[in-house]
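J.: just coords:
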């Protein structure tokens, strides 16, 4: 059975303002951002024309022309722009977006790497500018100072907003991972957002009701098409996005409320492109599987837990007690060969946990049934029972 460890680690980001020693250093750093934006747009037009999706072909087409147009631009800035353009066009192709015009970058930002910056101190940084590498300082806050003392940061993102320069510092985790000795299987779905192998079905009906109201209001505004309707529609989309984001974090926190130290998830990559998902596109697209998996993974890593991905094939068709594909699933019920009826989501979560090859706590599989076990009566007690019945 294929088991893959989730590569999403714990990354904590912090945004702070960059303070320059002089106005010249500020302008020199801003000039780097302007060059990167112009190089991006130049390379984007070339990639839209070539459709090469290959870094060497794009580099051969653009590099010399960009250096000739802006002679003072650092070579690494040009390379970063080409890489960003290629990543954008590859993403559009993967998501099957039909581009009718080149991608355009309007804001000023650049992701630094080791060739463009160096850490001068715990509170400062040296960045390549139009006038060479210059020192800059971070505007410190109590939490940022504590992070800089304990953890290193890597590849900051520098951007401009309202005439000021900011940096997004990404810190890696130093949490100690607990030994893997017990697993929790999680089955993600649409009607039931999460079913755990320990018997928990995590649902939020009030949230579903609120979201249905928001989606109904969106449909009504979309049919009108007026200027005020578009303005209200924009607010509703933002509201729905914030609701979903908050719900995702609440759902992840509830899932991780367990004694197990390994969380096992299904690898649902590409699930929305499958046939049954395309037939119910509007229904399935509402489930944020990728975002929920990302949040679960980084929260689990922060708590010292491990996140695993397993293949999702036949998790709903197997009997979790026998491990064999004997039985039939009908909606929320799984009819086993032995005559019992299981909750299909919990049965799938147990199958997911089993594929980690670790011990796991099994919850109540039965779907609203009562199991009557034959009592294990001792032989002497049976004689007493027979005697009492004869009397």
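T.: Happy to help now that I have it. The model shown is predicted, which means the values in this text are computed figures rather than measured ones.
J.: okay, now residue 255: neighbour count?
T.: The tally of other residues near residue 255 (other Cβ atoms under 10 Å) stands at 24. To be clear about C-beta, it is placed using only N, CA and C from the backbone, and glycine gets the same treatment.
J.: residues in contact with it?
T.: Counting by Cβ atoms under 8 Å, 6 or more residues apart in numbering, residue 255 touches 184, 186, 194, 196, 202, 263, 296.
J.: From residue 355, how far off is it?
T.: According to Cβ to Cβ, to the nearest Å, residue 255 and residue 355 sit 18 Å apart.
J.: Show me the shaky parts of the stretch 51-200 of the chain.
T.: By pLDDT under 70, the weakly predicted segments of the stretch 51-200 of the chain are 173-178.
J.: Measure how buried residue 73 is and give me the count.
T.: Neighbours of residue 73 using other Cβ under 10 Å come to 20.
J.: who touches the closest residue to it other than its chain neighbours in this structure?
T.: Setting aside the residues directly before and after it, residue 73 is nearest to residue 35 in space (Cβ to Cβ, 6 or more residues apart in numbering), at 4.6 Å. Going by Cβ under 8 Å, 6+ apart, residue 35 touches 70, 73, 77, 130.
J.: Counting only helices, which of the contacts of residue 255 make the cut?
T.: Secondary structure from DSSP state H places residue 296 of the contacts of residue 255 in helices.
J.: Residue 363: which of the contacts of residue 255 is nearest?
T.: residue 196 (7.1 Å; Cβ to Cβ).
J.: residues touching the closest one, list them.
T.: Residue 196 touches 184-187, 202, 255, 258, 346, 349, 363, counting by Cβ under 8 Å, 6+ apart.
J.: For the buried ones among the residues you listed, write the corresponding ChimeraX selection.
T.: Burial among the contacts of residue 196 is assessed by 16 or more other Cβ atoms under 10 Å; the matching ChimeraX selection reads:
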select :184,185,186,187,255,258,346,349,363
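J.: Next, format the contacts of residue 196 as a markdown table and append distance to residue 222.
T.: A markdown table is the format used below for those (distance: Cβ to Cβ, whole Å):
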| residue | distance to residue 222 |
| --- | --- |
| 184 | 40 |
| 185 | 39 |
| 186 | 34 |
| 187 | 33 |
| 202 | 31 |
| 255 | 34 |
| 258 | 41 |
| 346 | 38 |
| 349 | 37 |
| 363 | 42 |
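J.: Of the contacts of residue 196, which is the nearest to residue 208?
T.: Closest to residue 208, out of all of those and judged by Cβ to Cβ, is residue 202, at 12.4 Å.
J.: nearest spatial neighbour of the closest one, skipping sequence neighbours?
T.: Of all residues not flanking residue 202 in the chain, residue 194 sits nearest, at 4.4 Å (Cβ to Cβ, 6+ apart).
J.: so which strand or helix has residue 301?
T.: helix 289-302 (DSSP states H and E).
J.: Show the subsequent helix or strand relative to that helix.
T.: Next along from helix 289-302, by DSSP H and E: strand 306-310.
J.: where do the helices sit along the chain?
T.: Taking DSSP H as the test, the helices found in the chain are 23-50, 55-69, 75-94, 142-150, 205-224, 227-255, 275-279, 281-284, 289-302, 344-354, 379-390.
J.: Residue 311 is nearest to which of these?
T.: Once those are compared by Cβ to Cβ, helix 344-354 is nearest, at 9.6 Å.
J.: Might you calculate how far that closest one sits from the centre of the chain?
T.: 22 Å (Cα atoms, centre = their mean, to the nearest Å).
J.: residue closest to the middle of the protein?
T.: Centroid check for the chain by Cα atoms, centre = their mean gives residue 294 as the closest residue, at 2.6 Å.
J.: Setting the sequence-adjacent residues aside, check what's closest to residue 116.
T.: Using Cβ to Cβ, 6+ apart, the closest residue to residue 116 is residue 128 (4.7 Å).
J.: residues near the one you found, how many?
T.: 20.
J.: And for residue 243?
T.: Residue 243: 14 neighbours (other Cβ under 10 Å).
J.: Do I have it right that it meets residue 215?
T.: No. Residue 243 is beyond contact range of residue 215, at 10.7 Å (criterion: Cβ atoms under 8 Å).
J.: Distance of residue 314 relative to residue 337?
T.: 15 Å.
J.: roughly how far apart are residue 323 and residue 353?
T.: In terms of Cβ to Cβ, residue 323 sits 12 Å off from residue 353.
J.: For the two, work out which one has more neighbours and name it.
T.: With neighbours defined as other Cβ under 10 Å, residue 323 and residue 353 compare such that residue 353 has more, 31 against 12.
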